[in-house]
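Engineer: Prediction below, plus the sequence it came from.
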Amino acid sequence: MDYFAQQVINGVVLGSIYGLIAIGYTMVYGIVGMINFAHGDIFMIGGFIALISFLILVSLGLTFVPVILLIVLLVSMAITALYGWTVERIAYRPLRHSFRLAPMLSAIGMSFVLSNYSQVAQGARVKPVPPIITGGYTLLDSNGFVVRLSNVQIVVVITTIVLLAIFTWLVSRTRLGRDMRACEQDQTMAALLGVDVDRTISMTFVIGAALAAVAGMMYLLYYGLVDFYMGFVAGIKAFTAAVLGGIGSLPGAMLGGLLIGLIETLWSAYFSVEYKDVAAFSILIIVLIFLPTGLLGRPEVEKV
Amino acid sequence: MTTIPTPASRAPAAAFIFKKALISALVALVLFSLMIGIRTEAGPSGQLIYWTRFGDLAAMVGIVFGGSIVVELLRQWWGPVGTVRIVPPQMQSALAVAGRLVAPLLLIFAFLVPVIFYDQRYILDLGILVLTYVMLGWGLNVVVGLAGLLDLGYVAFYAVGAYSYALLATNFGWSFWVCLPLAGILAAFWGVLLGFPVLRLRGDYLAIVTLAFGEIIRLVIINWQSLTGGPNGVSGIPRPTLFGIPLTPGPNGLAAKLGIEFSPTHRIVFLFYLILALALLTNWVTIRLRRLPIGRAWEALREDEVACRALGINITTTKLTAFATGAMFGGFAGAFFATRQGFISPESFTFQESALVLAIVVLGGMGSQLGVALAALTMIGGFELFRGLEQYRMLVFGLAMVLLMIWRPRGLIGHRAPTVFLRHAQTISSDLVKEGHG
């Protein structure tokens, strides 16, 4: 039971990270109708930028951790958002009216570009950082098995919740959110009613990338390392989360993320660590076959 | 060709280009500021250290600035998107004649390669590599080019073929010629196995599921250590024999039987002709299949699945045969790969391989056999040019894929007109139709 409680805590933290990435997938799919294959690598870039800005701040002599974290968060969100914008501008916008598979193939190419770019720029070795946030609370201590909730985990979950709140407000209350929802339903109609479709799509990529940057930073804080290849697997898992929750649905993405995080952690805890990725990929296949609309998604009507 | 801008219109254009380049350079400055301007590395004591590379950063920003000016100039010179360039009729017919000659000439050249380059082992090896990818490309072409099913996990069948041969040969000592069909059948079986669940999926979902499938196969190979040797792979895979006669220096070897002096090049030449034969088999079967009802059904499926179903074509068998046929050729290629290398490990079967083969098919124009062959030659040749710059290889590959999609989404040499069409071909040419939701 204690073991289970500990695994659930770990799973929720991991799930928050997946959920933040999954939102990027689900938003883009909702509006443009493509799988942004490079999104996992945007997450990786976010992790790298967080790492580098953290190093600079520390060497500048800043010691107060909350300030460092806040600056790192803002810097990595800003720069990664620009990456998201650039990727959309270069690789996807020219293909908006191309044939159906073109954006997907271009996205695969972009994914290679981003991961190899960071390999070339920062080297292939894993970059470790010492624990930035230390300490934690002991929730339960029975028979020598301790259930711990570390401060990192609290920070990850709280940041996720706060960002989700801001993001939900953005989508449901602001002009931009309304434009986004309009474009999702009918781009031509939205354009006729004065919505700048290009700008709205760009902003979607920017917001998705900013959230992925937060996920990258949380990953860095939680696991204490980044490497150039981490975007691929994390990206597929987050995509699985988006599909599981129902692609196009924002609460669904978060729910899917939590579920994938929990499944992965519990699978590693009770079955085998080696096959945890196989489990995640299998879930993707099973969900797509038996529940293609996901948990909270709307069924898609196909027209000729 | 294009209208030359008058001096009056040139000045604002110059200002516009300059402004655009400046913005690009600014964006590049922010993008590269931390990733290139600062280099991090784990220091000797495990602590991360960093140093600055502002020179590289400035160079990159400069390249982006200059590059965007060049791109913008090219765009103005090239004219607006969609400009139709009229080629003179004589040139058109000359091109058509040249186009018809390319395939036979290429084939003759391929047959002569081992004769011409007998002493150059490097070129022979490169030729074998190119032909392997030609074969993979042709195999995947059945799935992607003909049936229009985007398969991102093709390398899984390649792996199934390679491991089938490797395990059968090392455990039971079966010969290559027995294992080759078996590898193909096993791969086809896996193709059907993958095909069944994805029957209902289309487009990007299908792509993602096949990707997941490919990764699952790779992860299982890595983790099932008792069978596959895990990350260490399988080594000591027997070399192929000429129907039982080994190509070895001993008295039973081919050289001794033919009464000629043994040379290790014989084996390379043999491998070259073997893969050439396998690739041509793939090509021949594909061309024949295209003329059969099943091939027509694939092409119909690619153009429009819903219409295809409305016309009474059995979608299930159409998709499954496409997957099985493509997978079978992947399996053959895998068995060949295993016997050529003598050693296989999961590292050879990553997603990058799938993407490379897919890029070859896309570059070749999705459906054109000649296009795929030329694309494989270009792609693998291009990779060889970048051999000295190993780490930039995939970067350039990714960039090429993006640019290709923007510039020529239908492939360089590509045409994907259906094999048969109604009399008024021009009104229903596939270029005018939106991609079917395959």
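Structural biologist: Received it, and whenever you're ready, just let me know what you need.

Engineer: Helix or strand: which one has residue 72?
Structural biologist: All of this refers to chain A. A:V72 is part of helix A:65-87 when elements are defined by DSSP states H and E.

Engineer: that's the wrong chain, I meant chain B
Structural biologist: Using DSSP H and E, B:E72 falls in helix B:54-78.

Engineer: now swap in A:R148 and tell me
Structural biologist: Here A:R148 sits within strand A:145-150, counting by DSSP H and E.

Engineer: The residue nearest the centre of chain B: what's it in contact with?
Structural biologist: The centroid of chain B falls nearest to B:V357 when counting by C-alpha atoms, centre = their mean (2.2 Å). Contacts for B:V357 (C-beta atoms under 8 Å, 6 or more residues apart in numbering or on different chains) come out as B:Y133, B:L136, B:G137, B:L140, B:Y154, B:V155. Where you see a C-beta, it was placed from the backbone N, CA and C, and this is true even at glycine.

Engineer: buried set for the helix holding A:V72?
Structural biologist: A:68-69, A:72-73, A:75-77, A:79-87 (16 or more other C-beta atoms under 10 Å in any protein chain shown).

Engineer: Within range of chain A, give me the residues from the stretch 301-438 of chain B.
Structural biologist: The stretch 301-438 of chain B comes close to chain A at residues B:304, B:306-307, B:351-352, B:355, B:358-359, B:362, B:391-392, B:394-395, B:397-402, B:404-406, B:409-410, B:434-435, B:437, as judged by C-beta under 8 Å from any C-beta of the partner chain.

Engineer: Wasn't B:G312 part of a strand?
Structural biologist: No - using DSSP: H, G, I helix; E, B strand; the rest coil, the assignment for B:G312 is coil, not a strand.

Engineer: pull the longest helix from chain A.
Structural biologist: With secondary structure taken from DSSP state H, chain A has its longest helix at helix A:2-32.

Engineer: Let me know the angle separating that one from helix A:65-87.
Structural biologist: 40 degrees (axes from the mean of the first three to the mean of the last three C-alpha atoms, to 10 degrees).

Engineer: In terms of secondary structure, what does helix A:2-32 contact?
Structural biologist: helix A:39-59, strand A:136-142, strand A:145-150, helix A:151-173, helix A:175-185, helix A:197-223, helix A:230-245, helix A:250-270 (3 or more C-beta pairs under 8 Å, 6 or more residues apart in numbering or on different chains; DSSP states H and E).

Engineer: circling back to that earlier point, just the C-alpha atoms of the helix holding A:V72, please, in PDB.
Structural biologist: Only the C-alpha atoms of helix A:65-87 are listed here, as PDB (Å, rounded to 0.1, in the frame of the first residue of the first chain):
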ATOM      1  CA  VAL A  65      16.500  29.600  -5.600                       C
ATOM      2  CA  PRO A  66      12.900  30.900  -6.300                       C
ATOM      3  CA  VAL A  67      14.200  33.900  -8.200                       C
ATOM      4  CA  ILE A  68      16.500  31.700 -10.200                       C
ATOM      5  CA  LEU A  69      13.700  29.300 -11.000                       C
ATOM      6  CA  LEU A  70      11.400  32.200 -12.100                       C
ATOM      7  CA  ILE A  71      13.900  33.700 -14.400                       C
ATOM      8  CA  VAL A  72      14.900  30.300 -15.900                       C
ATOM      9  CA  LEU A  73      11.200  29.600 -16.400                       C
ATOM     10  CA  LEU A  74      10.500  32.900 -18.200                       C
ATOM     11  CA  VAL A  75      13.700  32.700 -20.300                       C
ATOM     12  CA  SER A  76      13.100  29.100 -21.400                       C
ATOM     13  CA  MET A  77       9.500  29.800 -22.100                       C
ATOM     14  CA  ALA A  78      10.300  32.800 -24.200                       C
ATOM     15  CA  ILE A  79      13.100  31.300 -26.300                       C
ATOM     16  CA  THR A  80      11.400  28.000 -26.800                       C
ATOM     17  CA  ALA A  81       8.200  29.800 -27.800                       C
ATOM     18  CA  LEU A  82      10.300  31.500 -30.500                       C
ATOM     19  CA  TYR A  83      11.500  28.100 -31.600                       C
ATOM     20  CA  GLY A  84       7.900  26.900 -31.900                       C
ATOM     21  CA  TRP A  85       7.100  30.000 -33.900                       C
ATOM     22  CA  THR A  86      10.100  29.500 -36.200                       C
ATOM     23  CA  VAL A  87       9.300  25.900 -36.800                       C
END
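
Engineer: What lies in contact with that helix?
Structural biologist: Here helix A:65-87 has contacts from A:24, A:38, A:42, A:45-46, A:49-50, A:53-54, A:57-58, A:62, A:110, A:114, A:132-133, A:155, A:159, A:202, A:205-210, A:212-214, A:216-217, B:27, B:30-31, B:33-34, using C-beta under 8 Å, 6+ apart.

Engineer: Recalculate using a threshold of 6 Å.
Structural biologist: A:38, A:42, A:45-46, A:49-50, A:53-54, A:57, A:62, A:110, A:202, A:205-206, A:209-210, A:213, A:217, B:30-31 (C-beta atoms under 6 Å, 6 or more residues apart in numbering or on different chains).

Engineer: Drop anything exposed from the residues you listed.
Structural biologist: A:38, A:42, A:45-46, A:49-50, A:53-54, A:57, A:110, A:202, A:205-206, A:209-210, A:213, A:217, B:31.

Engineer: circling back: tell me the buried residues within the residues of the stretch 301-438 of chain B next to chain A.
Structural biologist: B:304, B:351-352, B:355, B:358-359, B:362, B:394-395, B:397-402, B:404-406, B:409-410, B:435.

Engineer: What about the contacts of B:V357, which are in helices?
Structural biologist: Per DSSP H, the subset of the contacts of B:V357 in helices is B:Y133, B:L136, B:G137, B:L140, B:V155.

Engineer: Thought B:A333 was touching the second one, still the case?
Structural biologist: This points to B:L136. Yes - shown here, B:L136 and B:A333 form a contact pair, counting by C-beta atoms under 6 Å, at 5.1 Å.

Engineer: Quick one: low-confidence residue ranges for the chain.
Structural biologist: You didn't say which chain, so I picked chain A. In the predicted model of chain A, residues A:299-304 satisfy pLDDT under 70.

Engineer: wrong chain, I was asking about chain B
Structural biologist: B:1-12, B:78-88, B:244, B:251, B:259, B:411-438.

Engineer: mind listing the strands for it?
Structural biologist: B:38-42, B:48-52, B:234-235, B:241-242, B:245-246, B:343-344 (DSSP state E).

Engineer: Tell me which of the ones you listed sits most buried.
Structural biologist: For these, average neighbour numbers computed from mean count of other C-beta atoms under 10 Å in any protein chain shown are highest in strand B:343-344, which has a mean of 20.

Engineer: Return the distance of whichever strand or helix holds A:A191 from the chain's centre.
Structural biologist: Assessed by DSSP H and E, A:A191 sits inside helix A:187-192. Relative to the chain's own centre, helix A:187-192 is displaced by 29 Å; criterion: C-alpha atoms, centre = their mean, to the nearest Å.

Engineer: What would it look like as CSV? C-alpha coordinates only.
Structural biologist: Provided in CSV are the C-alpha atoms of helix A:187-192 (Å, rounded to 0.1, in the frame of the first residue of the first chain):
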residue,chain,number,x,y,z
GLN,A,187,-10.9,28.3,-40.7
THR,A,188,-12.6,29.8,-43.7
MET,A,189,-15.5,31.0,-41.8
ALA,A,190,-13.3,32.4,-39.1
ALA,A,191,-11.2,34.2,-41.7
LEU,A,192,-14.4,35.7,-43.2
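
Engineer: mind listing what's buried in that helix?
Structural biologist: So for helix A:187-192, counting by 16+ other C-beta under 10 Å, buried means A:Q187, A:A190.

Engineer: Lovely, talk soon.
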